[in-house]
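>>> Sharing a model prediction with you, sequence too.
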Amino acid sequence: MRERRGEREAWTRFIEGGEGAKANKYSAQREGKYASKYEAEVASKLWAMHRGGKITELREQVPFILVPGDGKIRPIKYIADFVYLQDGQRHIVDAKGCKTPVYRLKRKLAALLLGITIEEV
């Protein structure tokens with residue numbers, strides 16, 4: 001009976017969302033809505049620059065379609081951490097702690113297909 005009770009409690013926690021948050025595979029700890037503490041620091045600096053009028057049109061988590069999908073196949077997207085305008089030029093910024101092979105591939109696709117240069121900070 002004890003074993004069933006433990007299983008039932010574990011199942012109830014799982015269903016109600018009581019299980020702990022899934023650990024990030026790169027050991028980064030989430031900071032509020034940001035994927036890491038470092039990304040939160042970069043965001044804080046950019047928002048301060050935005051409030052000070054040094055940059056404009058600051059946006060977060062901006063998707064770029066690298067390869068369009070077609071029904072059965074989903075599109076390949078790159079999601080920029082931050083996009084803003086400074087002196088009339090668009091800046092695409094990614095707060096990177098670990099450059100994964102997928103990120104490197106998407107960075108190259110963005111450069112070749114869309115002419116986008118991603119700034120890594």
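Right, received. Where do you want to start? Numbers count the residues shown, from 1 in each chain.
>>> So for the chain, the centremost residue is which one?
Nearest to the geometric centre of the chain sits residue 81, at 5.6 Å (Cα atoms, centre = their mean).
>>> taking the mean pLDDT, what do you get for stretch 80-88?
Computed over stretch 80-88, the mean pLDDT rounds to 95.
>>> Least confident secondary structure element in this structure?
Using mean pLDDT, DSSP states H and E, helix 2-15 stands out as the lowest-scoring helix or strand of the chain, at a mean of 69.
>>> Send over whichever helix or strand comes after it as PDB, restricted to the C-alpha atoms.
Counting by DSSP states H and E, the next helix or strand C-terminal to helix 2-15 is helix 37-51. Provided in PDB are the C-alpha atoms of helix 37-51 (Å, rounded to 0.1, in the frame of the first residue of the first chain):
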ATOM      1  CA  LYS A  37      21.800  35.300 -16.000                       C
ATOM      2  CA  TYR A  38      24.100  36.600 -18.700                       C
ATOM      3  CA  GLU A  39      21.300  37.200 -21.100                       C
ATOM      4  CA  ALA A  40      19.400  39.000 -18.300                       C
ATOM      5  CA  GLU A  41      22.500  41.300 -17.800                       C
ATOM      6  CA  VAL A  42      22.700  42.000 -21.500                       C
ATOM      7  CA  ALA A  43      19.000  42.800 -21.600                       C
ATOM      8  CA  SER A  44      19.400  45.200 -18.600                       C
ATOM      9  CA  LYS A  45      22.200  47.100 -20.400                       C
ATOM     10  CA  LEU A  46      20.200  47.300 -23.700                       C
ATOM     11  CA  TRP A  47      17.000  48.500 -22.000                       C
ATOM     12  CA  ALA A  48      19.100  51.100 -20.100                       C
ATOM     13  CA  MET A  49      20.500  52.300 -23.500                       C
ATOM     14  CA  HIS A  50      17.000  52.300 -24.900                       C
ATOM     15  CA  ARG A  51      15.600  54.400 -22.100                       C
END
